[in-house]
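# sequence first, predicted coordinates after that:
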Amino acid sequence: MTRGERVSADSRPLLALTLGDPAGIGPEVVLKALREGGLQGRVRLLVVGDLRILERAASWLGWNPAFQVVTRPGEGGYGPGEVVLFDLGNADPASCPPGKVGAPAGRAAVEYVCRACDLALAGEVDAVVTAPLNKEAMNLAGFAYAGHTELLAARTGAARVSMLLTGPQLRVVHVSTHVSLEEAIRRVEQRRIGEVIDLAYHACRLLGISSPRIGVAGLNPHAGEGGLFGDQEAVQILPAVQAARERGLAVSGPEPPDTVFLRAVKGEFDVVVAMYHDQGHIPMKLLAFDTGVNVSVGLPIIRTSVDHGTAFDIAGTGRASAASMVAAVEVALQMVEARKRGI
């Protein structure tokens, strides 16, 4: 079946939904999103995972869905109560006990992401939505990546990528993420900041903002206070902001990092460029812990994810919320439609 034949048969976008770490809450939130998210009328969700892990998770939820194992993305009914699955058969439940870090689970989680990514690169699915993987388990399995974004950048060959966090009140793009604070300071460079400003602009366009207003946070307290608390603002950040303005972008900064996020929440900026992981993550986690969405920007494919971890402490209990997973599907749908309009 060709892509054109698939679309003509069913015009709903087709998204690959990865299972995440089999020992974490990923399988549960995937099934809850399919059962409770009210998504079926607008999208087809192809789960990339392991049937045995899904059946185990379904038993924890007291749900008995109709599992359909397919060999091609266009197959399956994608109706209410149906779970269409690309079964990799790579996660023996006995080797992936809930709540335990392990190499078998880490390896399976990476394989789900890689298969979904390949489907998107081939144009067989419109986007990828990922459940959480565990960085320690992934590294135990021999995959030395700091997270999904780095793994997908390597898989796709993308040279310029960043992490966007988006929620109902705030959007943040990061200059650096999973590195030490010492290394993050070293990465505050004009070239990288300019790249991230551009990525923030294009991500906002895909999210329906025609003329994004971008606030760029400083690195130091009070954005350096005129050089009293550091010179990165004058030497690296301000030149990147000025160059972006010359490219026609609506960019402001460097702004004091202790107030720029509040100003964005109040409507002054559509997105904030944060200099390092916690600078951007703390306000996002505070405002949208259950509804935030992680987007890898700069990839040749659309990839969104939940903005939470594997939550091993509640894995297997059925208590995990699917709110972030449903939000991640919604954001992916919005970006798919924007791409179709040529944005």
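Cool, got the structure. Numbering: from 1, shown residues only.

# could you check how far Q232 is from S252?
Look at Q232 and S252: by CB to CB, to the nearest Å, they are 17 Å apart. Quick note: C-beta positions are derived from backbone N, CA and C, even for glycine.

# looking at these two, which is more packed in?
Neighbours were counted for Q232 and for S252 using other CB atoms under 10 Å; Q232 has more, 22 against 15.

# now for that one: which residues touch it?
Applying CB atoms under 8 Å, 6 or more residues apart in numbering, we find Q232 in contact with I185, V188, G218, L219, N220, G224.

# minimum pLDDT in those residues, which residue is that?
Note: of the contacts of Q232, the lowest pLDDT belongs to G224, at 91.

# for that one, phi and psi?
When quoted as degrees, to the nearest 10, the phi and psi of G224 stand at phi 90, psi -20.

# Provide the secondary structure category for the closest residue to it other than its chain neighbours.
Excluding the flanking residues, the one nearest G224 by CB to CB, 6 or more residues apart in numbering is E233, at 3.9 Å. Secondary structure, DSSP: H, G, I helix; E, B strand; the rest coil: E233 is helix.

# now the contacts of Q232 as CSV including secondary structure, distance to R52 and neighbour count?
Shown next, in CSV, are the contacts of Q232 (DSSP: H, G, I helix; E, B strand; the rest coil; distance: CB to CB, whole Å; neighbours: other CB atoms under 10 Å):
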residue, secondary structure, distance to R52, neighbour count
I185, helix, 45, 16
V188, coil, 46, 22
G218, coil, 50, 25
L219, coil, 48, 24
N220, coil, 51, 21
G224, helix, 55, 21
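
# want to try CSV for those residues, with distance to L119 as columns?
CSV is the format used below for the contacts of Q232 (distance: CB to CB, whole Å):
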residue, distance to L119
I185, 38
V188, 36
G218, 41
L219, 39
N220, 44
G224, 46
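
# check which element follows the one helix or strand A184 maps to along the chain.
If you go by DSSP states H and E, A184 is part of helix 181-186. For helix 181-186, the following helix or strand on the C-terminal side (DSSP H and E) is helix 190-206.

# hang on, the earlier thing: got a pLDDT number for the residue nearest to G224?
With respect to pLDDT, E233 scores 97.

# got a list of what it touches?
Here E233 is in contact with G218, L219, N220, A223, G224, P254 (criterion: CB under 8 Å, 6+ apart).

# same question, P13
Counted by CB under 8 Å, 6+ apart, P13 has contacts R42, V43, R44, D126, A127, L333, V336, E337.

# and stretch 30-50, what's buried?
Of the residues in stretch 30-50, 30-35, 37, 39-40, 43-50 count as buried by neighbour count, 16 or more other CB atoms under 10 Å.

# what about the helices in the stretch 1-150 of the chain?
3-9, 26-36, 51-61, 103-121, 135-140, 148-156 (DSSP state H, counting those that start in this stretch).

# adding mean pLDDT and distance to G77, write the ones you listed out as a markdown table.
Formatted as a markdown table, the helices of the stretch 1-150 of the chain follow (pLDDT from 0 to 100; distance: least, CB to CB, whole Å):
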| stretch | mean pLDDT | distance to G77 |
| --- | --- | --- |
| helix 3-9 | 44 | 12 |
| helix 26-36 | 96 | 13 |
| helix 51-61 | 98 | 16 |
| helix 103-121 | 98 | 19 |
| helix 135-140 | 97 | 33 |
| helix 148-156 | 96 | 29 |
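
# so which of those is nearest L85?
Set against L85 and scored by CB to CB, those come closest in helix 51-61, at 5.9 Å.

# quick one: low-confidence parts of this protein?
Within the chain, the stretches with pLDDT under 70 are 1-8.

# domain ranges for it?
Split into domains by automatic domain parsing, the chain comes to 1-158+299-343, 160-297.

# show the end-to-end separation of the shortest one, please.
Looking back up the chat, that one is domain 160-297. End-to-end distance for domain 160-297, by CA to CA, to the nearest Å: 8 Å.

# mind jotting down where the strands sit in the stretch 151-300 of the chain?
Ranges of strands within the stretch 151-300 of the chain are 162-166, 171-174, 213-217, 250-255, 271-274, 293-297, based on DSSP state E, counting those that start in this stretch.
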